[in-house]
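Trainee: here is my input; please provide its structure:
(one chain, ligands or ions: 2)
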Amino acid sequence: MSTSQQVNKVKFTKKLKIVPLISRQRIRKKVKELAGRISRDYKKKRPILLCVLKGALIFTADLVGFLKIPVDIDFAWPSSYAGDQKSSGRIKFKYGPQPALKGRDVIIVEDIIDTGLTLGVLKSKLNSLGAKSIRVCCLLDKKARRIKKVILDYKGFGVPDKFLVGYGLDLADKYRNLPYIGYIK
Ligand code: IMP
Ligand code: MG
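Mentor: Ligands and ions are numbered 1, 2, ... in the order given. Down below sits the predicted model:
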């Protein structure tokens with residue numbers, strides 16, 4: 001049995017309690033607000049939104065829906081959590097940012113910044129690919145656990161040092177479908 005299968009088995013034999021933290025209404029309002037700021041800042045530009053899979057999928061989709069400017073969409077798929085509640089700090093890409101990002105304005109779209117390690121690795125990749133500019137749009141900022149200093153250009157909510165799920169965020173691929181964000185008790 002692989003490690004992630006073992007984790008799944010342990011986690012899903014007992015029912016976990018999810019405590020609601022951010023309602024779908026508050027999320028929606030915030031996403032709209034962030035999209036408004038991006039639309040103004042990138043007027044007459046056509047940035048690439050780089051959705052960081054899988055957690056930022058729903059956030060990215062909603063964000064795009066509120067934008068008033070044309071954008072391109074691309075994906076990066078790092079893996080470091082492997083079904084665990086703590087970051088292992090080892091970041092690999094299952095699907096990396098593409099060379100076509102060269103010379104483009106890139107906005108990294110992340111669900112949550114925790115240690116900042118993933119973002120650090122991603123930004124240096126984008127720099128080495130020759131992105132023209134790089135900004136970060138993240139819905140959640142878990143500042144207490146930051147290891148790598150990062151600048152968050154568009155930020156939704158500061159959140160406590162808890163393991164969060166819902167609105168795309170998962171624990172071993174579960175709970176992504178919750179319309180609100182909550183933490184595991
Ligand atoms: P970092 O490299 O530690 O900043 O971790 C970034 C990634 O870890 C995020 O994009 C998430 O996918 C995942 N992550 C961090 N904290 C949480 C959490 O509380 N719930 C679910 N995923 C998380
Ligand atoms: Mg993520």
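Trainee: pLDDT weak spots in the chain?
Mentor: Scanning the chain for pLDDT under 70 picks out the ranges 1-14, 80-89.
Trainee: 80 instead?
Mentor: Counting by pLDDT under 80, the chain has low-confidence residues at 1-15, 79-90.
Trainee: what residues does it put near ligand 2?
Mentor: Remark: the part of the chain in contact with ligand 2 comprises 52, 55, 111, using CB under 5 Å from the ion. Placement of C-beta: from N, CA and C, glycine included.
Trainee: ligand 1 next: which of those are close?
Mentor: 52, 55, 111 (CB under 6 Å from any ligand atom).
Trainee: before we move on, the earlier item: out of the residues of the chain next to ligand 2, who's nearest residue 170?
Mentor: Proximity of those to residue 170 (CB to CB) peaks at residue 55, which lies at 6.8 Å.
Trainee: which helix or strand contains the closest residue to that closest one other than its chain neighbours?
Mentor: By the measure of CB to CB, 6 or more residues apart in numbering, the closest residue to residue 55 outside its immediate chain neighbours is residue 111, 3.6 Å from it. Assigned by DSSP states H and E, residue 111 belongs to strand 105-113.
Trainee: tell me the SS of whichever residue of the chain sits closest to ligand 2?
Mentor: Here the residue of the chain nearest ligand 2 is residue 55; by CB to the ion that distance is 3.5 Å. For residue 55, the secondary structure call by DSSP: H, G, I helix; E, B strand; the rest coil comes out as coil.
Trainee: list the contacts for it?
Mentor: With contact set as CB atoms under 8 Å, 6 or more residues apart in numbering, residue 55 has these partners: 110, 111, 112, 168, 169, 170, 176.
Trainee: would you mind writing the CA trace of the longest helix seen in the chain as CSV?
Mentor: Under DSSP state H, the helix in the chain containing the largest number of residues is helix 24-41. Provided in CSV are the C-alpha atoms of helix 24-41 (Å, rounded to 0.1, in the frame of the first residue of the first chain):
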residue,chain,number,x,y,z
ARG,A,24,-19.4,31.3,0.4
GLN,A,25,-20.8,34.9,0.4
ARG,A,26,-17.7,36.3,1.9
ILE,A,27,-15.5,34.3,-0.6
ARG,A,28,-17.6,35.5,-3.5
LYS,A,29,-17.4,39.2,-2.5
LYS,A,30,-13.6,38.9,-2.0
VAL,A,31,-13.0,37.2,-5.3
LYS,A,32,-15.0,39.9,-7.1
GLU,A,33,-13.0,42.6,-5.4
LEU,A,34,-9.7,40.9,-6.4
ALA,A,35,-10.9,40.5,-10.0
GLY,A,36,-11.8,44.2,-10.0
ARG,A,37,-8.3,45.2,-8.9
ILE,A,38,-6.6,42.9,-11.4
SER,A,39,-8.9,44.2,-14.2
ARG,A,40,-7.8,47.8,-13.4
ASP,A,41,-4.1,47.0,-13.0
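Trainee: since that was my last question, I'll sign off now.
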